[in-house]
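J.: Sequence first, then the predicted structure, then my questions.
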Amino acid sequence: LVIIDGVPGNMSDVNPNDISTVSVLKDAASASIYGNRAANGVILITTNKGSAGKMKISYNGYWGVQEATRLPSVLNSVDYATLYNEAAINSGRVARFTAADIQKYAAHNDPMYPDIDYFKVYYGTAKTQNHRLSVTGGNENVQYAFMLGQLDQDGILVATNYKKTDFRSNIDAFFLKDKKLRFSAKLAGNLGVKGEPTSVWNATWYSTLGPTYPLQNADGKYMSVNGELNPYAEIMAGSTTKTKRYNFNGQTEIEYKIFKDLSAQVTYGYNVVSSNKNSFNANVVLQNKDGSTKVEPSSLDVSNGTDVQTLLTSLLKYNKVIGKHDFNLLAGYSEEEFTYDWQSGYRKNFVNNTQRVLSLGDAATQKNDAGSYDLGLRSYFGRINYVFDGKYLFEANIRRDASSRFAKGHQWGTFPSFSAGWIVSNE
């Protein structure tokens, strides 16, 4: 479970430069307050806030080139053919390459007898750049922090890339005498666009081809591999997948100090993730060694999904120090709602390889599907934390969760925990 500024979220939606603190709760006693979703631990993330003082503007950016740390070294075609024949004969099979074939590989003047390192065909160097701008400041009553970032990264595998633009704003405002009333607003969002081959598996697998397989013939036309595929040709023709993911998160929080040691807090959070995936297989004509051709028809698979989560949390907090006794009490209520909708469509035989629009495919080949679900969680929880003389610690937690996933009569579960500690170094 990942909690970002008090609201469940996705760690990939937080820019590392925006993080103020990270806490990891691994033991059952500390994590039980978060219920059954904390079974694998809890990661608490708080993002940067503004502070009273002059406006501060900071920029952080880099530009670089990346490449594979190491790719396997491969044999040239002559050595590959010679050793392949030797292995075949030793295992009782017929040699695959004739002496004339090996001479043609050595001549390096016939594209049908190539010497290709396919790792270099599918992998290469890639540029990457990242830019981050932040503005913070405020006064005693209002503090603000605004962050804006841009990432542009090409991948080392052919046709892979990722671009992301994100923003975040945190505003805290204090009202009434002694700042009894605090209002906080947090807005964040990002748009990520990922490009990759439609079949990443084929691209990575065919990058391990031996150096004797021709990529193109003398006319520059792409060859099939053993009468089958040529992922590189397909990628060059437009067989790629583009995935767009948009995330928006809005959160408001109000805290009122009822008395010096007692305060009430209400938090409302709204999070939406919208995604669109466009996977296209281009129409490709491949040449076979025997002079025939292999035609791969075009097809398009499109899917859209919207995931919405809302959260309402109410807390009552009491903190009191009496002599050597330090009390921290917490009682709360929360409810969450999740809704998810998705649709998908498929067609074949498109008019060209550039217009990846579902309606331009053959209607006779169309398929479609859709789905939706709603979930809800409701929780009551409390915590007692007691410290005596800064040395002896005791904490008790309890949380009662209800989930709409279960049938009536089986929706509620209770998660208690107790812990005690002794700070020996303070004796």
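T.: On my side now, so go ahead. Nothing here was measured: the structure is a model prediction, and the numbers come from that model. Numbering: from 1, shown residues only.

J.: quick one: Tyr380 and Glu335 touch, right?
T.: No. Counting by C-beta atoms under 8 Å, no contact exists between Tyr380 and Glu335, whose distance comes to 10.1 Å. From N, CA and C alone the C-beta is placed, and that goes for glycine too.

J.: what helices or strands is the helix or strand hosting Leu133 leaning on?
T.: With elements delineated by DSSP states H and E, Leu133 resides in strand 126-138, which encompasses its position. Under the contact definition 3 or more C-beta pairs under 8 Å, 6 or more residues apart in numbering; DSSP states H and E, strand 126-138 sits against strand 53-66, strand 142-154.

J.: Rebuild these as CSV, extending it with mean pLDDT.
T.: Compiled in CSV, the helices and strands packed on strand 126-138 are given as follows (pLDDT from 0 to 100):
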stretch, mean pLDDT
strand 53-66, 94
strand 142-154, 96
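
J.: Dump the ones you listed to JSON lines, plus mean neighbour count and distance to Pro114.
T.: Conversion of the helices and strands packed on strand 126-138 to JSON lines gives the following (neighbours: other C-beta atoms under 10 Å; distance: least, C-beta to C-beta, whole Å):
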{"stretch": "strand 53-66", "mean neighbour count": "10", "distance to Pro114": "28"}
{"stretch": "strand 142-154", "mean neighbour count": "18", "distance to Pro114": "27"}
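
J.: want to throw those strands into TSV with distance to Trp201?
T.: Conversion of the helices and strands packed on strand 126-138 to TSV gives the following (distance: least, C-beta to C-beta, whole Å):
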stretch	distance to Trp201
strand 53-66	22
strand 142-154	20
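
J.: Identify whichever of those lies nearest to Ala407.
T.: Of all the helices and strands packed on strand 126-138, it is strand 142-154 that lies closest to Ala407, at 44.8 Å by C-beta to C-beta.

J.: you'd agree Asn328 is up against Asn385?
T.: Yes. Applying C-beta under 8 Å as the test, Asn328 and Asn385 come out as touching, 4.0 Å apart.

J.: Mutual contacts of the two, please.
T.: Residues touching both Asn328 and Asn385 (C-beta atoms under 8 Å, 6 or more residues apart in numbering): none.

J.: Off-centre distance for the biggest strand by length in the chain?
T.: When every strand of the chain is counted residue by residue (DSSP state E), the longest turns out to be strand 362-388. Distance, stretch centre to chain centre, for strand 362-388: 18 Å (C-alpha atoms, centre = their mean, to the nearest Å).

J.: now do stretch 208-218
T.: Between the centre of stretch 208-218 and the centre of its host chain there is 35 Å, according to C-alpha atoms, centre = their mean.

J.: Please point out which parts of it sit buried.
T.: Going by neighbour count (16 or more other C-beta atoms under 10 Å), the buried part of stretch 208-218 is Leu209, Pro211, Thr212, Tyr213, Pro214, Leu215, Gln216.

J.: Can you list phi and psi of the third one for me?
T.: As for Thr212, its main-chain torsions (degrees, to the nearest 10) stand at phi -90, psi -10.

J.: try the last one
T.: Reported as degrees, to the nearest 10, the phi and psi values for Gln216 are phi -140, psi 150.

J.: Run through the bridge partners of it.
T.: Tyr222 (DSSP bridges).

J.: Surely it and Tyr232 touch.
T.: No. The pair Gln216 and Tyr232 fails to qualify as a contact (C-beta under 8 Å) at a distance of 9.6 Å.

J.: Now Asn426: closest residue in space that isn't a chain neighbour?
T.: Counting by C-beta to C-beta, 6 or more residues apart in numbering, the nearest residue to Asn426 once its immediate chain neighbours are dropped is Lys391, at 4.5 Å.

J.: Next up, the contacts around that neighbour.
T.: Residues Trp422, Ile423, Asn426, Glu427 are the ones in contact with Lys391 under the rule C-beta under 8 Å, 6+ apart.

J.: Tell me which helix or strand comes right after the longest strand of the chain.
T.: Sequence-wise, the next helix or strand beyond strand 362-388 is strand 392-403, with elements assigned using DSSP H and E.

J.: Contacts made by the longest helix seen in the chain with the rest, please.
T.: For the chain, the helix reaching the highest residue count under DSSP state H is reported as helix 77-90. Judged by C-beta under 8 Å, 6+ apart, the contacts made with helix 77-90 from elsewhere in the structure are 74-75, 94-97, 101-102, 105-106, 113-116, 210-212.
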